[in-house]
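Engineer: I would like the atomic coordinates for the input below:
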Amino acid sequence: MSERSNVIADKSHIDHSHMLSEVCMLQLIRSFMLDVPTLLLTSLEELTEDQLKTFQSKLTSGRMLGFPPIPKRQLRNTDIQITVDQMVERYGPERAVEITLMILRWINQHDLPKKLQSDHTETSGPEEAVETPEILKNMNWDDLKLEREWVPVDFEPVIYDQEDNGTYRFQCPRAGLFRCSITGLVFRMEGEGEVLYRTVPWDMRLLAQNGKRPAGPLFKFKCLNGSVCQLHLPHCEICPGGGCDFLSVGHVTNDHPIEFIPPREITETHIIINISGFCAYGVTKDKDAPMSPINGLVLLFFKPSYYLYVLLLPKNVVLDEVEKEWKNRGAVLNLTPPGCELTPNQMYSLSGHPVRLIQPKTAKFVDFKECENYTATFEVKLEAENVHLAVNKKSNAGSLFKLLSLLWNSDCVWKRSVAFQATPPSDDSAVSPTEVPSSVKPPGGATAGTTNVSYLLLNTLAELVSKDLELFQWHLIQDFTSIPRGQLENANKQVTVDRMVQQYLDDGAVKITLEILRKMDRNKLADDLEKKFTNNV
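Structural biologist: Residues are numbered from 1 along each chain as shown. Okay, the predicted model is just below:
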């Protein structure tokens, strides 16, 4: 099956006298999909561990060999089965065989490709072995249209960071449909071209004024050459029967603050729009859309100090950007499968053993509303390198229903056994995910970890009336941004203190409290806190 099998045209152009019926064609492809993985698995099992790593390295640098590469992170520390699954999923059965033959010859394994080619020719039985390859060779795939959506060609973008703002570059070789392996974006190109794109923050106030909320990242585009006629933006909604009428695409331009484009089509994974110009596009949903489960991720970031940070995020975040942010904080992403279903505004808890501490006890999943800082939902102090973890919905039902849920484990949305290894991160410049810049260090050279800080902060905030506390929390969100708004909604003084200490450590929390109090003209309260803190460290 050639590369041109990705191209689908109108049925009216098919010469039925020289074509198989669509049903026969689908049966033929299905038979290949059943046989090819087994053949590839058998071939790759003949490789040594070092040879397999070399084979995988060729897959991740496929552009040099003439095929779209598989992203490195998808083959990191993977076995033969996962490697085969990735190839068949990304390239299709026949193309996976062609690429395997090419790489095996490239790494001087000449006997294996001969055997694979021979076995592959015979997989359909003696009668079909002669006919099938000839049929596939003679097919005009440009004129073949199956009743299914196009399968795009995957590409790994170039990181184009001339301005250090996380820009990706896609250099398109021809017309067609192309999917970015990092962001999940799909471009329909009219011809050869070049596109630059990156994520930018949403204007939450502007969305709220229009009765909308974000349902995905906002991407800013710049088309340098060529033309993009259609854009597919990844969504995370679960839409049985296509019931996603509350979704639209926000289009932010320089001429108009924002407009909302109804989708041309919504698939299980993407929302599709036709476009004639570029600026910024992102998936939005109606503010009053139902709070139903979405496809989510439970991401685990581990620090060598045996601290684990658990993030609950929508599935259509840009995972590479989350990983990069937490690497800068000194944490490493654990490759445990993250997929689950999460409900926006639902309260969740984390359980685990053996662990020393999990905080907070419960937290709200806030969807895309406050996830741009990729703040941890839970923090865990581990006791061992192997731990059992589970994320559970916090039920508001009565005692009987809670007991039944416990017995049937119906509130558990994600459960894994995870292994960690206390090896230091490779980036020596990485900092703690809760470390505060030197500009927010407290007076007197204080350090994190003093035992009375939470009490000092709580006693200080106790002096604030309700309206003053709300103003304090507003400054905490607007001026420092690291604590999501959702974690301070309707929060009391104790929760506010816990969030500050968790995010900024003791000394950083004191410094920020002092700064906010002085902005509020509560100088005496700030001076008292500064004096007590200095005397207690």
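Engineer: residue 117 touches residue 102, doesn't it?
Structural biologist: No. Look at residue 117 against residue 102 with Cβ atoms under 8 Å: they stay out of range, at 11.4 Å. Heads up, the C-betas are built off the backbone N, CA and C, glycines and all.
Engineer: all strands for the stretch 151-300 of the chain, in order.
Structural biologist: 153-155, 158-159, 168-172, 176-180, 186-189, 193-200, 212-225, 228-234, 247-252, 259-261, 265-266, 270-274, 280-286, 294-303 (DSSP state E, counting those that start in this stretch).
Engineer: may I see the ones you listed organised as TSV, with mean neighbour count and distance to residue 87 added?
Structural biologist: TSV is the format used below for those (neighbours: other Cβ atoms under 10 Å; distance: least, Cβ to Cβ, whole Å):
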stretch	mean neighbour count	distance to residue 87
strand 153-155	20	12
strand 158-159	12	23
strand 168-172	20	22
strand 176-180	20	16
strand 186-189	22	20
strand 193-200	20	27
strand 212-225	20	28
strand 228-234	21	22
strand 247-252	21	33
strand 259-261	14	36
strand 265-266	16	29
strand 270-274	19	23
strand 280-286	23	30
strand 294-303	22	24
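Engineer: what ranges does the protein have for its helices?
Structural biologist: For the chain, the helices defined by DSSP state H occupy 22-44, 49-60, 80-91, 93-106, 111-122, 126-138, 204-209, 319-328, 399-408, 453-461, 466-480, 493-519, 523-535.
Engineer: let me have those helices in JSON lines, extended by mean pLDDT and mean neighbour count.
Structural biologist: Below are these laid out as JSON lines (pLDDT from 0 to 100; neighbours: other Cβ atoms under 10 Å):
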{"stretch": "helix 22-44", "mean pLDDT": "64", "mean neighbour count": "16"}
{"stretch": "helix 49-60", "mean pLDDT": "84", "mean neighbour count": "16"}
{"stretch": "helix 80-91", "mean pLDDT": "87", "mean neighbour count": "18"}
{"stretch": "helix 93-106", "mean pLDDT": "85", "mean neighbour count": "20"}
{"stretch": "helix 111-122", "mean pLDDT": "80", "mean neighbour count": "15"}
{"stretch": "helix 126-138", "mean pLDDT": "42", "mean neighbour count": "12"}
{"stretch": "helix 204-209", "mean pLDDT": "91", "mean neighbour count": "13"}
{"stretch": "helix 319-328", "mean pLDDT": "90", "mean neighbour count": "17"}
{"stretch": "helix 399-408", "mean pLDDT": "48", "mean neighbour count": "11"}
{"stretch": "helix 453-461", "mean pLDDT": "85", "mean neighbour count": "19"}
{"stretch": "helix 466-480", "mean pLDDT": "83", "mean neighbour count": "15"}
{"stretch": "helix 493-519", "mean pLDDT": "87", "mean neighbour count": "21"}
{"stretch": "helix 523-535", "mean pLDDT": "86", "mean neighbour count": "16"}
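Engineer: hang on, the earlier thing: okay if I get the strands of the stretch 151-300 of the chain as a markdown table plus mean pLDDT and distance to residue 59?
Structural biologist: Shown next, in a markdown table, are these (pLDDT from 0 to 100; distance: least, Cβ to Cβ, whole Å):
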| stretch | mean pLDDT | distance to residue 59 |
| --- | --- | --- |
| strand 153-155 | 85 | 12 |
| strand 158-159 | 86 | 18 |
| strand 168-172 | 91 | 20 |
| strand 176-180 | 90 | 17 |
| strand 186-189 | 92 | 21 |
| strand 193-200 | 92 | 25 |
| strand 212-225 | 89 | 27 |
| strand 228-234 | 93 | 23 |
| strand 247-252 | 94 | 33 |
| strand 259-261 | 93 | 37 |
| strand 265-266 | 91 | 32 |
| strand 270-274 | 93 | 25 |
| strand 280-286 | 94 | 31 |
| strand 294-303 | 94 | 24 |
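Engineer: contacts only, for the nearest residue to residue 179 once chain neighbours are set aside.
Structural biologist: For residue 179, ignoring the flanking residues on the chain, the nearest one in space by Cβ to Cβ, 6 or more residues apart in numbering is residue 152 at 4.1 Å. The contact partners of residue 152, by Cβ atoms under 8 Å, 6 or more residues apart in numbering, come to 6, 176, 177, 178, 179, 186, 232.
Engineer: re the thing from before, among the helices of the chain, which is nearest residue 367?
Structural biologist: Closest approach to residue 367 among the helices of the chain (Cβ to Cβ): helix 204-209, 12.1 Å.
Engineer: verify the stated contact: residue 274 with residue 229.
Structural biologist: Yes. Using Cβ under 8 Å, residue 274 is in contact with residue 229, at 6.5 Å.
Engineer: got a list of what the most centrally placed residue in the chain touches?
Structural biologist: In the chain, the centroid-proximal residue (Cα atoms, centre = their mean) is residue 319; its distance is 3.4 Å. Residue 319 sits next to 182, 297, 299 when contact means Cβ under 8 Å, 6+ apart.
Engineer: please report the distance of it from residue 338.
Structural biologist: 9 Å (Cβ to Cβ, to the nearest Å).
Engineer: same deal with residue 56?
Structural biologist: Separation of residue 56 from residue 338 (Cβ to Cβ): 22 Å.
Engineer: ok, residue 78 next?
Structural biologist: For residue 78, the distance to residue 338 - Cβ to Cβ - is 16 Å.
Engineer: now residue 274
Structural biologist: Remark: distance between residue 274 and residue 338 (Cβ to Cβ) = 33 Å.
Engineer: all strands of the stretch 301-450 of the chain, in order?
Structural biologist: Taking DSSP E, counting those that start in this stretch as the criterion, the stretch 301-450 of the chain carries its strands at 307-314, 332-333, 339-342, 347-353, 355-359, 363-364, 378-382, 386-393, 412-419.
Engineer: tell me which of those strands sits most buried.
Structural biologist: Most buried of these, by mean neighbour count (mean count of other Cβ atoms under 10 Å): strand 307-314, with a mean of 22.
Engineer: other SSEs contacting it?
Structural biologist: Applying 3 or more Cβ pairs under 8 Å, 6 or more residues apart in numbering; DSSP states H and E, one finds that strand 307-314 contacts strand 294-303, helix 319-328, strand 378-382, strand 386-393.
Engineer: can you rerun that using 6 Å?
Structural biologist: Where contact means 3 or more Cβ pairs under 6 Å, 6 or more residues apart in numbering; DSSP states H and E, strand 307-314 is packed against strand 294-303, strand 378-382.
Engineer: figure out which of these is closest to residue 420.
Structural biologist: Here strand 294-303 is closest among these (Cβ to Cβ), at 5.0 Å.
Engineer: okay, the helices and strands packed on strand 307-314 in a markdown table with distance to residue 512 next?
Structural biologist: Output for those, formatted as a markdown table (distance: least, Cβ to Cβ, whole Å):
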| stretch | distance to residue 512 |
| --- | --- |
| strand 294-303 | 22 |
| strand 378-382 | 18 |
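Engineer: hang on, the earlier thing: dump the helices of the chain into JSON lines; add distance to residue 258 as well.
Structural biologist: Shown next, in JSON lines, are the helices of the chain (distance: least, Cβ to Cβ, whole Å):
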{"stretch": "helix 22-44", "distance to residue 258": "42"}
{"stretch": "helix 49-60", "distance to residue 258": "38"}
{"stretch": "helix 80-91", "distance to residue 258": "35"}
{"stretch": "helix 93-106", "distance to residue 258": "41"}
{"stretch": "helix 111-122", "distance to residue 258": "53"}
{"stretch": "helix 126-138", "distance to residue 258": "48"}
{"stretch": "helix 204-209", "distance to residue 258": "6"}
{"stretch": "helix 319-328", "distance to residue 258": "23"}
{"stretch": "helix 399-408", "distance to residue 258": "42"}
{"stretch": "helix 453-461", "distance to residue 258": "37"}
{"stretch": "helix 466-480", "distance to residue 258": "21"}
{"stretch": "helix 493-519", "distance to residue 258": "31"}
{"stretch": "helix 523-535", "distance to residue 258": "40"}
